[in-house]
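S.K.: sequence and predicted model, in that order:
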Amino acid sequence: MMKKGFLLKQILWISALIFMFGCGSEEQFEQTASGLEYKFHIKNDSARPVQLYDIVEVRMNYGTHDSVLFASGNQTIPFQIDPIYEGDLLEGIMLMHLGDSATFVIDTEDFFVKMMQSPQIPDYADGEDKLYFDLKVVNIITETPAVKARRLEATERKLAEEKTIADYVEENNITVAPTESGLYFIPITEGNGPKVKNGDAVKVHYTGSLLDGTVYYSSFDRGMPITFVAGSGEMLAGWEEAILMMKPGGKARWIVPSSLAYGSYEREGVKAYSPLIFDVELIEIVD
């Protein structure tokens, strides 16, 4: 089960270069009240400005001060403008107009953990304090009534999520306490040997479902277990936490709040701010 930022990350890692990374790097960056550093390369105040909840299509590349980590090329990346935290990339895009291009400097940990909702900084960006984002706004789409309705519905789910989980726990007579992060780990079969530790490659079968029992994915049904490296950051934060509680041959049910799953992002069968249930079997720790 890929990490909660997976949908956005999939979009972000699809394409090739807009303009040379770090262009104008000798220019002085300005700073917003929230501390976001930025500089414009093309600025047209008479063009259509980006506004809250617009869907903005950009060409983008990002990396360190001397290397490119991602480039979108001729393809565009859509963002709905609804800032996640003060000084994030979406706040930067709100400074822009149609046709503008700019560079933004974002704290690496904030970007991956807060915006991408990754449990940790990926290995390829480890050790970097800042990331530099070059963006060009190529299209702005006003939020449609249908998109607005989905956004408002997601907000209602977010506000109700704590009670939704509490009701599920009570209705199903679950007596285990949640972890500090809000994860419920319900052991079914303990398994044998040592628990998984970060760096272990593990093979697992799992079923992912909503709290109402709707299954959106099952590796059991497909006959295709997944393999991943614990602690690598490639999985949902809830997975990275819960897998460390398991032993080979063990089975467990995890109740994962949306903050440890897909958060504000949607994927097929899973709406934004949906808590999830994972029925997991740890087949083996792969040598």
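M.R.: Structure's in. What do you need?

S.K.: for the rest of this, base every contact and every neighbour count on C-alpha atoms.
M.R.: Fine.

S.K.: let me see the contact set for the residue lying closest to residue 201 once chain neighbours are set aside.
M.R.: Distances taken as C-alpha to C-alpha, 6 or more residues apart in numbering place residue 229 nearest to residue 201, at 4.2 Å, with adjacent residues excluded. Residues in contact with residue 229 (C-alpha atoms under 8 Å, 6 or more residues apart in numbering) are 198-202.

S.K.: and if you look at residue 250?
M.R.: Contacts of residue 250 were listed using C-alpha under 8 Å, 6+ apart, and they are 188-192, 281-283.

S.K.: repeat for residue 80
M.R.: Shown in contact with residue 80 (C-alpha under 8 Å, 6+ apart): 53-56.

S.K.: can you tell me how far it is from residue 249?
M.R.: 43 Å (C-alpha to C-alpha, to the nearest Å).

S.K.: that older thread, top of the contacts of residue 80 by neighbour count?
M.R.: Using other C-alpha atoms under 10 Å as the neighbour test, the contacts of residue 80 are led by residue 56, with 24 neighbours.

S.K.: secondary structure element for it?
M.R.: Using DSSP states H and E, residue 56 sits in strand 55-63.

S.K.: next: residue 109.
M.R.: When elements are assigned from DSSP H and E, residue 109 belongs to helix 108-109.

S.K.: C-terminal to that helix, what's the next element?
M.R.: Counting by DSSP H and E, the next helix or strand C-terminal to helix 108-109 is strand 130-141.

S.K.: extract the C-alpha trace of that following strand and format it as CSV.
M.R.: Output of strand 130-141 as CSV, limited to C-alpha atoms (Å, rounded to 0.1, in the frame of the first residue of the first chain):
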residue,chain,number,x,y,z
LYS,A,130,16.1,22.9,1.1
LEU,A,131,14.6,22.0,-2.3
TYR,A,132,14.3,24.5,-5.2
PHE,A,133,11.1,24.4,-7.3
ASP,A,134,10.9,26.0,-10.7
LEU,A,135,7.3,26.5,-11.9
LYS,A,136,5.6,28.0,-14.9
VAL,A,137,1.8,28.4,-14.8
VAL,A,138,0.4,27.3,-18.1
ASN,A,139,-3.4,27.0,-17.3
ILE,A,140,-5.8,28.1,-14.6
ILE,A,141,-9.2,26.4,-14.2
